[in-house]
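> Sharing a model that was predicted from the sequence below.
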Amino acid sequence: MARPSPSRSIAIDASAAGERRLAAAGAAVWLGVLAVVGLGIAFGLGPLSGALISAFAVMGIPALVTALVLGGSADGPNRRAFLLVAWAVAGAAACGLAGGLSGPLTPWCLAPVAAATALGRRRLMAEAAALAVFGGALAALAQAAGLEPPAPPEPLRLVLSLFALGSLGLALAAGLARFGRRSGVPEDARSDLEDLLLSQPHLIVSLTDEGQVLRAYGAPPHGLTEAMLLKGLGGIVAPSELQALADAMDSASRSGQSELVCAFVGDPQRFIGLSLRATRDGRLFAAVRDATAQKAQEAKLVEAKAAAEALNSGKSRFLANMSHELRTPLNTIMGFSDIMKARLFGPLPAKYGEYADLIHDAGRHLLDLINDVLDVSKIEAERFQLQLEQLDARDPLSAALRLMRVQADEAGLSLRASLPPDPVDIAADPRALKQIALNLLSNALKFTPRGGLVTMTLQAPGETLELTVADTGVGIAPEDLQRLGRPFEQAGDTKQRAKGTGLGLSLVRGLAELHGGEMVIESRLGEGTSVTVRLPGVVHPPAEAAERPTAQVIAFNGGR
């Protein structure tokens, strides 16, 4: 990023502004002193020569320039150097007009040194001394060349000498007193830090608790002026954003930091970004930046998110409608195949009977798939309505175990359940709870090799129901765990993926979240998988026994 040009930088320092105003007031006082002393000498000792009048006028010029420059809000190294040069030229000229180095105004050659101390800048002392020597050398050369006017008479010469020495001494004493009052960061380091802050590409401000700007350094956003900053942070944000600004400042004071993007007071179409930070001693700072591009990007992201959500919602509604429409003809197909399997209208040739069985099995598989798609689509479209009632959670889980017993026997697997002996009352949808158990058991049975074990465990610690289905199957790779639970996401190789559709765990997760719960998967490749569903809403009886009996273990197919 290119560094901002110096003309685009802002330097505001409330304490430095006070010092500048004090120096400007001193320059104005100096103008008045010159006028009073000049008039006093003219009326007391007689008319002044044109050379002396010119000397007084010359010394008033840099005082006038100083009052004008420091009386404003701007300051900087270039302006201060310009003022020193002006005082050096005026001092040398006044010294030469009054008779050169042998004249009464010789001390005024040290005017740049007095100006450097009055400005409170130790760093400028070396330059001021060099300018004083250079001015004295010019006055000496002018005197050697015979260009200086004749020296004033002795009484006037003495008065002018005392005035020159006194004024110079007072200026040096005032500047040295200011040096004594300043503490903390050394002047050279302070100046280096200010120059660094001025050249960096951001605007850094120090604030009071009310948002007034104490100091500001750096490149401001386009359109932000010093006049706006002098009104405080409230002067750079739109009026409608003032409450948000106050909240952000309060948050930064309490937590140490806060961020805010708000409309710019100068242009409602532009935005200002504020990064607020609070130090341990309670001081508040802010980095000010142009956030128009950031705001535009955020608006685009919000629009893109809304469009994506609309598309996803439309897809879910389409799948829900299509699944519903497909179930009607599919039920007809299955009904007729059931009739054919039962031979209600007489015997069928063996081949036709086999075909009827295949039609029925394929229809049952397709119906299960459509039901899953329908349920997942309803959940995504936020159209799935839970029918909550208080029930014993063991009932729907036992029903699911009975339905899966035949499938476990055919697969050569042991199916066991560990259920509490006492009722587990919970406010839940019985159909959804049964569907969760069926999907978890079906997944476990599909991916467990013959001879393996599938276990269902039900616990109710506190007010949370925990349903866990664990198997000794093939397990899930770590990289696949992150994807499971989303629609149509599957794990394993092609052969394993052919056993399912990737909707079971997605449906379980959706039903659990509709109840305000969660699903957690733990697995290790080759060692099995454990899926836990936690649901809130367990209701304990008023007088519960101190010690509950151990869980009852139910084993199907003999429990190998």
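That came in fine, so what should we check first? As the structure is a prediction and not an experimental result, all values here were calculated from the model. Residues are numbered from 1 along each chain as shown.

> for the lengthiest helix in the chain, packing partners?
The single longest helix within the chain, with elements called by DSSP state H, is helix 292-342. Packed against helix 292-342 by the contact rule (3 or more C-beta pairs under 8 Å, 6 or more residues apart in numbering; DSSP states H and E) you find strand 267-278, helix 350-380. Backbone N, C-alpha and C define where each C-beta goes, glycine included.

> List the neighbouring strands of the helix or strand just after the last one plus their orientation.
Elements were assigned by DSSP states H and E; along the chain past helix 350-380, the next helix or strand is strand 389-392. Counting by DSSP bridges, the strands paired with strand 389-392 are strand 425-428 (antiparallel).

> mind giving me the domain ranges of the chain?
Per automatic domain parsing, the domain ranges recorded for the chain read 6-188, 202-290, 299-380, 389-556.

> and of the ones you listed, who's closest to Leu196?
Among these, domain 202-290 comes nearest to Leu196, with 8.6 Å by C-beta to C-beta.

> Quick one: distance of the closest one to the chain centre.
Centroid separation for domain 202-290 versus its chain: 15 Å, with C-alpha atoms, centre = their mean, to the nearest Å.

> Let me see the mean pLDDT of stretch 44-54.
Averaged across stretch 44-54, pLDDT comes to 77.

> What of stretch 302-321?
Averaged across stretch 302-321, the pLDDT comes to 78.

> CA-only coordinates of it in PDB, if you can.
Provided in PDB are the C-alpha atoms of stretch 302-321 (Å, rounded to 0.1, in the frame of the first residue of the first chain):
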ATOM      1  CA  VAL A 302     -25.900 -10.800   2.600                       C
ATOM      2  CA  GLU A 303     -27.700 -10.800  -0.700                       C
ATOM      3  CA  ALA A 304     -25.800 -14.000  -1.800                       C
ATOM      4  CA  LYS A 305     -26.700 -15.700   1.500                       C
ATOM      5  CA  ALA A 306     -30.400 -14.700   1.100                       C
ATOM      6  CA  ALA A 307     -30.400 -16.000  -2.500                       C
ATOM      7  CA  ALA A 308     -28.700 -19.300  -1.500                       C
ATOM      8  CA  GLU A 309     -31.200 -19.800   1.300                       C
ATOM      9  CA  ALA A 310     -34.100 -19.100  -1.100                       C
ATOM     10  CA  LEU A 311     -32.800 -21.600  -3.600                       C
ATOM     11  CA  ASN A 312     -32.200 -24.200  -0.800                       C
ATOM     12  CA  SER A 313     -35.700 -23.600   0.500                       C
ATOM     13  CA  GLY A 314     -37.200 -23.900  -2.900                       C
ATOM     14  CA  LYS A 315     -35.300 -27.200  -3.400                       C
ATOM     15  CA  SER A 316     -36.600 -28.500  -0.100                       C
ATOM     16  CA  ARG A 317     -40.200 -27.600  -1.000                       C
ATOM     17  CA  PHE A 318     -39.800 -29.200  -4.400                       C
ATOM     18  CA  LEU A 319     -38.500 -32.500  -2.900                       C
ATOM     19  CA  ALA A 320     -41.200 -32.400  -0.200                       C
ATOM     20  CA  ASN A 321     -44.000 -32.000  -2.800                       C
END
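
> now it, how far from the chain's geometric center?
Counting by C-alpha atoms, centre = their mean, stretch 302-321 comes out at 29 Å from the chain centroid.

> and if you look at stretch 25-45?
60 Å.

> and Asn303, how many residues sit next to it?
Not quite, residue 303 is Glu, not Asn. When neighbours are counted by other C-beta atoms under 10 Å, Glu303 registers 10.

> Same question for Ile61.
Neighbours of Ile61 using other C-beta under 10 Å come to 16.

> Report all helices and strands that the host helix or strand of it contacts.
Assigned by DSSP H and E, Ile61 falls within helix 50-71. Judged by 3+ C-beta pairs under 8 Å, 6+ apart, the packing partners of helix 50-71 are helix 14-45, helix 77-97, helix 111-119.

> what do you get if the cut-off is 6 Å, keeping everything else the same?
Helices and strands touching helix 50-71, by 3 or more C-beta pairs under 6 Å, 6 or more residues apart in numbering; DSSP states H and E, are helix 14-45, helix 77-97.

> That helix to helix 14-45, inter-axis angle?
Angle, helix 50-71 to helix 14-45, by axes from the mean of the first three to the mean of the last three C-alpha atoms, to 10 degrees: 160 degrees.

> what does helix 50-71 rub up against?
Helix 50-71 is contacted from outside by 20, 23-24, 27-28, 30-31, 34, 38, 79, 83, 86-87, 90, 93-94, 97-98, 149, using C-beta atoms under 6 Å, 6 or more residues apart in numbering.

> any idea how far Thr117 is from Lys341?
The gap separating Thr117 from Lys341 is 111 Å, by C-beta to C-beta, to the nearest Å.

> Comparing these two, which shows the higher neighbour count?
Just comparing Thr117 and Lys341: by other C-beta under 10 Å the higher neighbour count belongs to Thr117, 22 against 14.

> How much space separates the more buried one from Gly26?
Distance of Thr117 to Gly26, computed by C-beta to C-beta: 11 Å.

> One more: Ile521?
Taking C-beta to C-beta, one finds Ile521 at 78 Å from Gly26.

> higher neighbour count, those two?
Per other C-beta under 10 Å, whichever of Ile521 and Gly26 has more neighbours is Gly26, with 21 against 18.

> Tell me who's in contact with that one.
Contact partners of Gly26, counting by C-beta under 6 Å, 6+ apart, are Ala118.

> And Gly136, by the same measure?
Cys109 are the contacts of Gly136 under C-beta under 6 Å, 6+ apart.

> The one helix or strand it maps to: which residues count as buried?
Remark: Gly136 resides in helix 125-144, with elements defined by DSSP H and E. Neighbour counts using 16 or more other C-beta atoms under 10 Å place Met125, Glu127, Ala128, Leu131, Ala132, Gly135, Gly136, Leu138, Ala139, Ala140, Ala142, Gln143 of helix 125-144 among the buried residues.

> what angle do that helix and helix 111-119 make?
Between the axes of helix 125-144 and helix 111-119, defined by the same axes, to 10 degrees, the angle is 150 degrees.

> can you give me the mean pLDDT across helix 125-144?
Across helix 125-144, the average pLDDT comes to 74.

> The stretch 451-560 of the chain: helices as residue ranges?
In the stretch 451-560 of the chain, the segments counted as helices under DSSP state H, counting those that start in this stretch are 478-481, 494-497, 504-514.

> start to end distance for stretch 198-209?
With C-alpha to C-alpha, to the nearest Å as the measure, stretch 198-209 spans 24 Å from end to end.

> and it, which residues are buried?
Neighbour-count burial for stretch 198-209 [16+ other C-beta under 10 Å]: Leu198, Leu203, Ile204, Val205, Ser206, Leu207.
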